[in-house]
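1. When you get a sec, could you give me coordinates for this:
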Amino acid sequence: MILEIAGRDVEITTGVRFIRELDKRFKLEVENGMMKLGFGLNQVGMDMDMENPNILVDLIECGVAGNKGFKPNTQQIEAFIDQQEDYTELFELFDKEMAESNATKKKWAEIREKTNEN
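-> Coordinates of the predicted model:
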């Protein structure tokens, strides 16, 4: 997926690196570091259901983590999101991307199915 951020085309990928970056941000740690559990995609599902624009920053930052070229900074990403008239289109783009990516499609389908049940 390509988004134009700060006047430049930015490739957003939702592969394994994307999942690893999400799990670094959204994890459960138990005392003494004995257990670490990443739940990035699950958190994304909850935040997308609430249409929380903050998750869009995380999705973009994690989606560009593996890029060798231009990586927009947080302020550029926030400005890009603030310029959107309606966040719905961005949420739909990410939903579609995660539903089609080999790395995310199985788990994303499970998350969306559980969300639709509630």
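
2. How far does stretch 43-57 sit from its chain's centre?
-> Mean C-alpha position of stretch 43-57 versus that of the full chain (Cα atoms, centre = their mean, to the nearest Å) differs by 8 Å.

3. Tell me which residue of this structure is positioned farthest from its centroid.
-> For the chain, the residue at maximal distance from the C-alpha centroid (Cα atoms, centre = their mean) is Asn32, at 28.7 Å.

4. so which helix or strand takes in Ala99?
-> helix 88-100 (DSSP states H and E).

5. which helices and strands sit right next to that helix?
-> helix 40-49, helix 54-63, helix 105-117 (3 or more Cβ pairs under 8 Å, 6 or more residues apart in numbering; DSSP states H and E). C-betas here are computed from N, CA, C, even on glycine.

6. how about that helix: buried residues?
-> Neighbour counts over helix 88-100 (16 or more other Cβ atoms under 10 Å) mark 90-91, 94, 97-98 as buried.

7. Make JSON lines out of those and add pLDDT.
-> Compiled in JSON lines, the buried residues of helix 88-100 are given as follows (pLDDT from 0 to 100):
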{"residue": "Leu90", "pLDDT": "95"}
{"residue": "Phe91", "pLDDT": "96"}
{"residue": "Phe94", "pLDDT": "96"}
{"residue": "Glu97", "pLDDT": "96"}
{"residue": "Met98", "pLDDT": "96"}
